[in-house]
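K.L.:
Need coordinates for the below:
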Amino acid sequence: MTDSTMTTALRKGDAITPALFAVAIFTSASLVFVVQPMVTKLVLPMLGGSPSVWNTSMVFFQTALLVGYGYAHLLQRVRSLKWQAAIHLLLLMAAALFLPLQISGVLGEPNPSTPTAWLLTTLALSVGAPFAILSATAPLLQAWYARVRVGHADGQNPYVLYAASNLGSFLALLAYPALIEPLMSLSGQRTTWTGGYGLFVVLVLALAAVVWRRRVQDAPEPPPLAASAPIPWREKGVLVLLAAAPSSLMLGVTAHLSTDVASAPFLWVAPLALYLLTFVIAFQTKPWISLPITLMIQAALGAIIVSLVGMNTGQWLLLLLGHLAAFFFTALMCHQRLAARRPAPDRLTEFYLLLSLGGVVGGAFNALIAPTIFNGVWEYPLVMVLVGLARPWGEGALSRRQILILVLGIGVAAAPPIVLEIMRYNPDFRALLSDQARLQMVQLILGGAAICAFLVRDRAFLFTIIIAIITLSAHHVGRGYDWNLTERSFFGVMRVAVTRDDGMGGDVHVLMHGTTLHGAQARAPGFACSPTMYYATATPLGQAAQRIQARGAAAKIGIVGQGSGAMAAYKRAEDEMTFFEIDPMVDRVSRDPSWFTYISNCADGPIRTVLGDARLTMAKETPGTYDLLVIDAFSSDAVPTHLLTVEAIQGYLKLLKPDGVVVLHLSNRNLEITMPAVAAARQLGAADLHQIYIEQPNAPEMSEASTEALAISPTPEGLADFKGDGRWRKLAPTEVRPWTDDYVNLFGALIRQMKGRAE
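P.N.:
Down below sits the predicted model:
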């Protein structure tokens, strides 16, 4: 054998080589996609647990993937496979210098005013090199495979290995929330991943050694593939757009779902895993789902889901499944159209480069562009509508039937806002239907419009027009209030509206964060300084403030999460009060007297606001000085889990005086988060008491809200006066594992909440 080739041996029925390539590609893909939720979870606590952290991180990973694919494409200019393999192995080993993975501290703490730049740069410094070089392996090995298998049928279609790559990614992602996260700490995950990377390098070395040992004496090196016609620029644009749409929708549906639950791997992983599964199906030789079936199902689900995307029905699990199903078939439609347009094997790395570019374009639109041009989360429904243009356009002139369906569909889709406006200005008409009945009526009408869209599904333009009107109509109906202010930041969407509550003297300003009401203030002078909602005097948070103040002449109070600033209404002249808030937008709105006056007019004396993640900023406070800490940092209904861990609670306790109290606000629609908090407090040897307050049925609508809270103190004496109030009770021992900075199980919290509702 010579040092120049492996072709002849491979042609003699070499059955092991395809398996070796498949295993190597499968392994690299698994490592690439396990690292994404793991690293994002490492950096999440530094940015307040915001759902935007995942979307922005995905832009980084997609960009690093593009860099890897670009490197694989450029490496094809080296004619010798031997030199290609040597270069790649050298870079794999060089990237290992960044292991074990950790978050770089070069940039220090993030600036809450510019979190995106900090996050992208930190990820590049922390994991950029190993991720980019590892991600290049899949297209690189496919290109090698096409060369060494010249003369074999499978060598003509190396794209089937793309299915193996995405299958490895898909299974790795499923394993993360189901096995890795619940059973392994973050430090254990980092160590295991490092070991996996080392094994992969050994695997690539073994692959090269096996192939090289099977070279045949004096046989020529596998020649470069015959050149095919260049991909036209218009076709390149189509490929990029077809790849961009699913990437954008993946981030859109993730943000839509995680905003109301938690920024957590089990919600990040589901859309990403489905995204990869669509690649597996689309690039199969015989797809499990054919394109005609995909087109039919996508038309039905797409038309239905756009009618629900702007509404909060309370059926979270049903909406979760609906959004994921619609996303899956929409992404599959785009990827099947991509697979049908794939070029000859010599253009393979260029094709993947264009796909990767499309992924970056879609991700950047959602994470970087949309937050600056939209004041609400419009990118998800917008792309869901526009992707209808990727459907078949049909041939010939429109029939009379199609025109009739179009007119009917537009008319039916536009009807709900008109009907509701008539009801709004006609009290007698409005009284005929309850709020729930009106919502059901709207959904029924929009369902009729969705049927019209489905009937013209083979005419992309007609289909898109109808679902666009459905989307606008659904958002108008589901807006809740006529918003006077809507602002958006990295940390979420904040809206302020004026509503009327006669029980509170008339106009009330309400603050909505995501889909959750986070504050309200009456404008009538007699009610303006009365704290409302979760902070009313009757709720656990209000009780705690009053009880602490009753102990002495002055109290030092800290509140994590500023909201409308309602807790400022409790501040007396002798008290010190500090808000710890990560979002500058929240601080600005709550201090603007045109919207809320708790801080400017109701507080007796100045209120301090410390911007930044609470865990980082509170660590700089003087230990043993606070009488009361209130932890109430929720973005919409999403849980910042790093504020409920053993280490977090330990930090709160260090800030308290010996008889001080920390109150955790634990109200949540979708997750049972009380038991991990109780377990954490008890592991630390702290005293704890629990209360669920149910709002009074005869109270004004905006005056108070049902609230669940846990009070914790370093000593039993700190809760002695709380214990004397029968509303505060000791919960039974729990077997739930406490959350730590190294371990959080949000999937278990979701299951416990679902079981509790069933019971």
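K.L.:
For residue 301, grab the count of nearby residues.
P.N.:
Around residue 301 there are 21 other residues, counting by other Cβ atoms under 10 Å. C-beta here means a position set from N, CA and C on the backbone, and glycine is covered the same way.
K.L.:
my read: it touches residue 324, true?
P.N.:
No: with contacts counted by Cβ atoms under 8 Å, residue 301 stays clear of residue 324, the gap being 9.9 Å.
K.L.:
any idea where the helices of the stretch 151-300 of the chain begin and end?
P.N.:
Secondary structure of the stretch 151-300 of the chain (DSSP state H, counting those that start in this stretch): helices located at 160-175, 181-183, 186-213, 233-258, 265-282, 291-305.
K.L.:
In terms of secondary structure, what does the fourth one contact?
P.N.:
Okay, so that is helix 233-258. On a contact count with 3 or more Cβ pairs under 8 Å, 6 or more residues apart in numbering; DSSP states H and E, helix 233-258 meets helix 52-75, helix 265-282, helix 316-340, helix 348-364, helix 379-386.
K.L.:
hmm, who's touching stretch 572-582?
P.N.:
47-48, 50, 112, 491, 549, 553-562, 565, 567-568, 570-571, 587, 603-605, 607-614, 617-618, 633 (Cβ atoms under 8 Å, 6 or more residues apart in numbering).
K.L.:
Help me confirm that residue 320 comes into contact with residue 253.
P.N.:
No: contact between residue 320 and residue 253 fails when scored by Cβ under 8 Å: they sit 9.5 Å apart.
K.L.:
Pick out whichever of these two has more residues nearby.
P.N.:
For the pair residue 320 and residue 253, the greater number of neighbours falls to residue 253 (27 against 18), based on other Cβ under 10 Å.
K.L.:
per-residue pLDDT, the more buried one?
P.N.:
We have a pLDDT of 86 for residue 253.
K.L.:
Ok, residue 2 next?
P.N.:
pLDDT, residue 2: 41.
K.L.:
just residue 62 next, same as before
P.N.:
You'll see residue 62 listed with a pLDDT of 85.
K.L.:
what sits against it?
P.N.:
Counting by Cβ under 8 Å, 6+ apart, residue 62 has contacts 247, 356, 359, 360, 363.
K.L.:
Also residue 505?
P.N.:
By Cβ under 8 Å, 6+ apart, residue 505 lies in contact with 522, 523, 524, 525, 526, 527.
K.L.:
do residue 203 as well
P.N.:
Contacts for residue 203 (Cβ under 8 Å, 6+ apart) come out as 23, 24, 27.
K.L.:
was I right about residue 504 contacting residue 529?
P.N.:
No: contact criterion Cβ under 8 Å: residue 504 and residue 529 do not qualify, at 11.9 Å.
K.L.:
Between those two, which is the more surrounded one?
P.N.:
Using other Cβ under 10 Å as the criterion, residue 504 and residue 529 rank with residue 504 on top: 23 against 17.
K.L.:
Which residues lie in contact with that one in this structure?
P.N.:
Shown in contact with residue 504 (Cβ under 8 Å, 6+ apart): 522, 524, 527, 530, 532, 700, 702, 703.
K.L.:
give the contact list for the first one.
P.N.:
It refers to residue 522. With Cβ under 8 Å, 6+ apart, residue 522 has these contacts: 501, 504, 505, 506, 507, 508, 528, 530, 532, 702.
K.L.:
which stretches of the stretch 601-750 of the chain form helices?
P.N.:
Using DSSP H, counting those that start in this stretch, helices in the stretch 601-750 of the chain cover 614-618, 646-655, 674-683, 720-723, 746-758.
K.L.:
Pull out the buried residues from the longest one.
P.N.:
Residues of helix 746-758 classed as buried: 746, 747, 748, 749, 750, 752, 753 (neighbour count, 16 or more other Cβ atoms under 10 Å).
K.L.:
cool, the second one as well?
P.N.:
When burial is assessed from 16+ other Cβ under 10 Å, helix 646-655 yields the following buried residues: 646, 648, 649, 651, 652, 653, 655.
K.L.:
so which of the residues you listed would you say is closest to residue 468?
P.N.:
Distance ranking of the buried residues of helix 646-655 against residue 468, using Cβ to Cβ, places residue 648 first at 44.8 Å.
K.L.:
any idea how far that closest one is from residue 574?
P.N.:
29 Å (Cβ to Cβ, to the nearest Å).
K.L.:
hang on, the earlier thing: using a markdown table, please lay out the contacts of residue 504 together with distance to residue 84.
P.N.:
Formatted as a markdown table, the contacts of residue 504 follow (distance: Cβ to Cβ, whole Å):
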| residue | distance to residue 84 |
| --- | --- |
| 522 | 71 |
| 524 | 75 |
| 527 | 74 |
| 530 | 72 |
| 532 | 67 |
| 700 | 73 |
| 702 | 67 |
| 703 | 71 |
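K.L.:
looking at the chain, which helix or strand does the model trust least?
P.N.:
Least confident helix or strand, the chain: helix 7-11 with a mean of 44, by mean pLDDT, DSSP states H and E.
K.L.:
tell me which strands and helices the helix or strand just after that helix is in contact with?
P.N.:
Next helix or strand after helix 7-11 toward the C-terminus (DSSP states H and E): helix 16-43. Helix 16-43 sits against helix 52-75, helix 115-135, helix 137-148, helix 160-175, helix 186-213, helix 265-282, with contacts defined as 3+ Cβ pairs under 8 Å, 6+ apart.
K.L.:
Show me which residues of the longest one are buried.
P.N.:
When you say that, I think you mean helix 186-213. Those would be 186, 189-190, 193-194, 196-197, 200-201, 204, 207-208, 211, for helix 186-213 by 16+ other Cβ under 10 Å.
K.L.:
Counting neighbours, show which residues of stretch 561-576 come out buried.
P.N.:
561-571, 575-576.
K.L.:
tell me how far it is from the chain's mean position?
P.N.:
Computed by Cα atoms, centre = their mean, to the nearest Å, the chain-centroid distance of stretch 561-576 equals 32 Å.
K.L.:
end-to-end on that stretch?
P.N.:
Terminal residues of stretch 561-576 are spaced 16 Å apart (Cα to Cα, to the nearest Å).
K.L.:
And the contacts of stretch 272-286?
P.N.:
33, 36, 58, 157, 159-160, 162-163, 166-167, 169-170, 173-174, 246-247, 250, 254, 287-289, 324, 327-328, 331-332, 335-336, 338-339.
K.L.:
Just send the helices of the stretch 601-750 of the chain back as JSON lines, with distance to residue 94 and mean pLDDT too.
P.N.:
JSON lines is the format used below for the helices of the stretch 601-750 of the chain (distance: least, Cβ to Cβ, whole Å; pLDDT from 0 to 100):
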{"stretch": "helix 614-618", "distance to residue 94": "33", "mean pLDDT": "90"}
{"stretch": "helix 646-655", "distance to residue 94": "35", "mean pLDDT": "95"}
{"stretch": "helix 674-683", "distance to residue 94": "41", "mean pLDDT": "94"}
{"stretch": "helix 720-723", "distance to residue 94": "59", "mean pLDDT": "93"}
{"stretch": "helix 746-758", "distance to residue 94": "36", "mean pLDDT": "73"}
